[in-house]
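>>> here you go, sequence then predicted model.
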Amino acid sequence: MKLLHLFTAVMLWSAACANPVAAQDYAYLSGNLFGDYITGGGADDAEADFNGEADLTSGRLCYYLEIDGLDNADGIAIHQGDTGDDGPEVLPLTLPGEPGDEVCLTVDTTLLGSISEAPANYYLIVRSPSHPGGAIRGQLHD
């Protein structure tokens, strides 16, 4: 019987010491961007795919952005807001130099944690000279 109590105590201690799922070191973020998602209309026939990995310990965000049908993109940013809502810009990003290039930057860990914890509360906007308010848009997801 003492062996059973010892086993139970060890199992409970192991469970208590385990890292909770919410305390992950990395998070994956994705988004599909389209001109139709821009309030008031964006760039017709333009789209993009965003795929990133956030290191929540160091605050490093690395991502790939593949844009089709928008040759003159001149900016990208993450905004806070749900689908259909226009919210404030919270994180300016860098466009890749060449298609397929990975971009990495350092982000405030608190902000990166907030985005990673609830990506659906944030969206991406890619701007162009002809669409300074946004050419294509997409909600983030994990």
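Good, I have the coordinates. Numbers count the residues shown, from 1 in each chain.

>>> any idea how far Asn51 is from His79?
Noted for His79: a distance of 18 Å to Asn51, by Cβ to Cβ, to the nearest Å. All C-beta spots, glycine's among them, are computed from the backbone N, C-alpha and C.

>>> the chain: strands as residue ranges?
Secondary structure of the chain, counting by DSSP state E: strands at 26-34, 47-55, 60-68, 75-80, 89-93, 102-106, 122-128, 131-141.

>>> okay, these, which one's buried deepest?
Neighbour counts (mean count of other Cβ atoms under 10 Å) averaged over each of the strands of the chain peak at strand 122-128, with a mean of 24.

>>> ok now it, how far from the chain's centre?
Taking the mean of its C-alpha atoms, strand 122-128 sits 12 Å from the chain's own mean (Cα atoms, centre = their mean, to the nearest Å).

>>> just name whatever secondary elements that strand is in contact with.
Contacts defined by 3 or more Cβ pairs under 8 Å, 6 or more residues apart in numbering; DSSP states H and E place strand 122-128 against strand 26-34, strand 75-80, strand 89-93, strand 131-141.

>>> now with 7 Å, please.
strand 26-34, strand 75-80, strand 131-141 (3 or more Cβ pairs under 7 Å, 6 or more residues apart in numbering; DSSP states H and E).
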